[in-house]
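**Student:** got a predicted model here, sequence first, then my questions.
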Amino acid sequence: MTTAVSETGSPPEGQVRRPGLLTRARRSFDTHWYAWAMVLPVVVVLTVLVGYPLGRGIYLSFTDANEANIGRTIGVNHIPSTYEFVGLDNYWKVLSGQEGHFYSRLTWTVVWTASCVFLHYTIGLGLALLLNRRMRFRSLYRVLLILPWAVPAFVATFSWRLIFNEKYGVLNAFLAKLGAGPVDWLGDETLQKLSAVAVNVWLGVPFMMVAILGGLQSIPAELHEAAEMDGATPWQRFRHVTLPGLRPVSGTVILLGVIWTFNMFQVIYLLIGQGASSESEILVTYSYRLAFQGVRDYAGSATYGILILSLLLVFAVFYRRMLSRQESVR
């Protein structure tokens, strides 16, 4: 619907023309200059640490940059860059299957993410429900269950790598006492995947547990009491009171869990290391290998990075829209 405008270009009498974007920005700066001044350092840091690498990565994904043609300095000699702009060739090679194993790695990455987030949430929900009840030593249990989250991920991953060691690992020593032979947990392709999922679940459950526990404590107790007085069973109270009350928290932690797990580099790379087969790698670890191992393919690595970012952006947009649609239905 268009707005009538007089011949002089001004709006009809009684209507006020909305100021332009530049005018609104100037007014906002004049009114809230202190807020802009406090935000500026953060904007500068994010631009340097995130904006420039992202822009550089997007640019390299449209070139054929690699270790042989990238510019570098050796002693006092500077070798200029000789890579060329190739447009969408890199994306076409990856998406058309010419590159090799993109879709198999993508499938495993999706399975890895879905299984880990599902286990994170279900186990975290169960533990949070237990800790939300009155019990002896509840504070001690909370501290013990949060410990895996407090340990740096690379330290925990290396510890689990020792546990899964074929010759000297604790797990195989325990199996030997039961009369079973040693298992190559980090050598077999299927066992590699199961081991990685187990380690990531161990690392990720505490965060889910703490977040869901906070959500449980924010649900008014009167709702549970009213449902109990109406004769609702524990399952009905969980389904119709607890889960709806956790919806805002659940939506956020699941989205964060998907993003973090999709990019969980350290568990795959540090646990499996050089023994990772092409089918055990997720997209982010393969992108790292392209950039830092063998003949370094910077353009290919950047292409994978932009594709990962695009996939997560698309998922986040559709996921938030789905949650908004569910809220509107309610």
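**Tutor:** Sure thing, it's come through. Quick caveat: nothing in here was measured; it's all calculated off a predicted structure. Numbering: from 1, shown residues only.
**Student:** how about stretch 105-118 as CSV, C-alpha atoms only?
**Tutor:** Only the C-alpha atoms of stretch 105-118 are listed here, as CSV (Å, rounded to 0.1, in the frame of the first residue of the first chain):
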residue,chain,number,x,y,z
ARG,A,105,31.7,-36.7,5.6
LEU,A,106,28.6,-34.5,5.7
THR,A,107,26.4,-37.5,6.5
TRP,A,108,28.7,-38.6,9.3
THR,A,109,28.9,-35.1,10.6
VAL,A,110,25.1,-34.9,10.7
VAL,A,111,24.8,-38.3,12.4
TRP,A,112,27.6,-37.3,14.8
THR,A,113,25.9,-34.1,15.7
ALA,A,114,22.4,-35.5,16.0
SER,A,115,23.4,-38.5,18.2
CYS,A,116,25.6,-36.4,20.5
VAL,A,117,23.0,-33.6,21.0
PHE,A,118,20.3,-36.2,21.6
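**Student:** in it, what counts as buried?
**Tutor:** For stretch 105-118, burial by neighbour count (16 or more other CB atoms under 10 Å) applies to 105-106, 108-110, 112-113, 115-117. Backbone N, C-alpha and C define where each C-beta goes, glycine included.
**Student:** with stretch 116-125 instead?
**Tutor:** 116-117, 119-121, 123-125.
**Student:** farthest pair within the buried residues of stretch 105-118?
**Tutor:** Comparing all pairs in the buried residues of stretch 105-118 by CB to CB, the longest separation belongs to Arg105 and Val117, at 18.2 Å.
**Student:** now do the strand or helix carrying Val111, average pLDDT.
**Tutor:** If you go by DSSP states H and E, Val111 is part of helix 102-131. Across helix 102-131, the average pLDDT comes to 93.
**Student:** now swap in stretch 228-245 and tell me
**Tutor:** 86.
**Student:** now stretch 263-274
**Tutor:** Averaging pLDDT along stretch 263-274 yields 84.
**Student:** for that stretch, the distance to its chain's centre please.
**Tutor:** 15 Å (CA atoms, centre = their mean, to the nearest Å).
**Student:** using PDB, list the CA coordinates for it.
**Tutor:** C-alpha atoms of stretch 263-274 as PDB (Å, rounded to 0.1, in the frame of the first residue of the first chain):
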ATOM      1  CA  ASN A 263      32.300 -27.900  14.900                       C
ATOM      2  CA  MET A 264      33.800 -30.100  17.700                       C
ATOM      3  CA  PHE A 265      37.300 -30.300  16.300                       C
ATOM      4  CA  GLN A 266      39.300 -31.300  19.300                       C
ATOM      5  CA  VAL A 267      37.500 -34.500  20.200                       C
ATOM      6  CA  ILE A 268      37.800 -36.000  16.700                       C
ATOM      7  CA  TYR A 269      41.300 -34.800  16.000                       C
ATOM      8  CA  LEU A 270      42.900 -35.300  19.400                       C
ATOM      9  CA  LEU A 271      41.200 -38.600  20.200                       C
ATOM     10  CA  ILE A 272      41.800 -40.300  16.900                       C
ATOM     11  CA  GLY A 273      44.700 -38.300  15.600                       C
ATOM     12  CA  GLN A 274      46.500 -39.400  12.500                       C
END
